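Participant: predicted model and sequence follow; I will ask about them next.
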Amino acid sequence: MEGFGIIALKSIAVYVFIVAAIRLFGKKEFAQLSVVDLVFILLISNSVQNAMVGSDSSLPGGLVAALALFLANYTLKKLEKHFPKVGHVIEGEPILLVYQGKIQAAGMKKADLTEDQLFASIREHGIDDVNLVDLAMFEIDGNISVISGNYQKVSKRLRKGHRVLGGNTV
């Protein structure tokens with residue numbers, strides 16, 4: 001049976017690894033969570049469980065691991081708030097995809113999006129032609145925001161529904 005301090009340290013190490021892996025492999029996959037992505041998340045959580053608690057499958061061991069994860073997450077959020085550069089490293093920055101009807105190739109490449117994915121998101125916002133888009137941004141949470149004309153619409157998820165700000169659900 002391992003000590004609670006070791007469990008806490010292992011849990012924090014796994015947390016840092018998972019955050020770094022999500023940052024490296026992109027947030028796009030989590031914004032458009034599919035069945036495959038859900039299975040992936042479940043398998044990742046199962047695969048790292050033993051790495052965190054080792055042979056200690058007791059309730060106190062599990063609670064220590066969970067507490068360590070909550071504290072690591074809380075600390076990381078506080079660091080992001082007080083040190084914006086840390087937030088930019090961890091969360092990234094919004095990426096310009098379309099500006100005044102013109103697709104920004106560098107932004108598309110950086111966001112690892114295809115034109116078909118961009119067009120699908122633009123259509124979700126009720127716009128049928130990219131030339132009508134004033135601004136489209138790949139947000140830090142993996143969503144695509146689109147502004148066109150006098151209307152501003154923000155997608156809830158890259159491939160899910162959206163709502164008009166201050167209006168009804170579309």
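Facilitator: Ah, there it is. Here the structure is a predicted model, which means the values were calculated and not measured.
Participant: helix, strand or coil: sort out residue 98 for me.
Facilitator: Recorded secondary structure, residue 98: strand (DSSP: H, G, I helix; E, B strand; the rest coil).
Participant: show me what contacts it?
Facilitator: 104, 118, 122, 130, 133, 135, 136, 146 (C-beta atoms under 8 Å, 6 or more residues apart in numbering). Any C-beta I mention is one placed from the backbone N, CA and C, and that applies to glycine too.
Participant: restricted to strands, list those residues.
Facilitator: Counting by DSSP state E, those place 135, 136, 146 in strands.
Participant: where does the residue nearest to the first one when sequence neighbours are not counted sit relative to residue 120, distance-wise?
Facilitator: Spatially, and ignoring its direct neighbours in sequence, residue 135 is nearest to residue 147 (4.4 Å; C-beta to C-beta, 6 or more residues apart in numbering). Distance check for residue 147 against residue 120: by C-beta to C-beta, to the nearest Å, it reads 17 Å.
Participant: same question, residue 103
Facilitator: 14 Å.
Participant: the nearest residue to residue 91 once chain neighbours are set aside: neighbour count?
Facilitator: Leaving aside its sequence neighbours, residue 91 sits nearest to residue 140 (C-beta to C-beta, 6+ apart; 4.7 Å). By other C-beta atoms under 10 Å, 15 other residues sit near residue 140.
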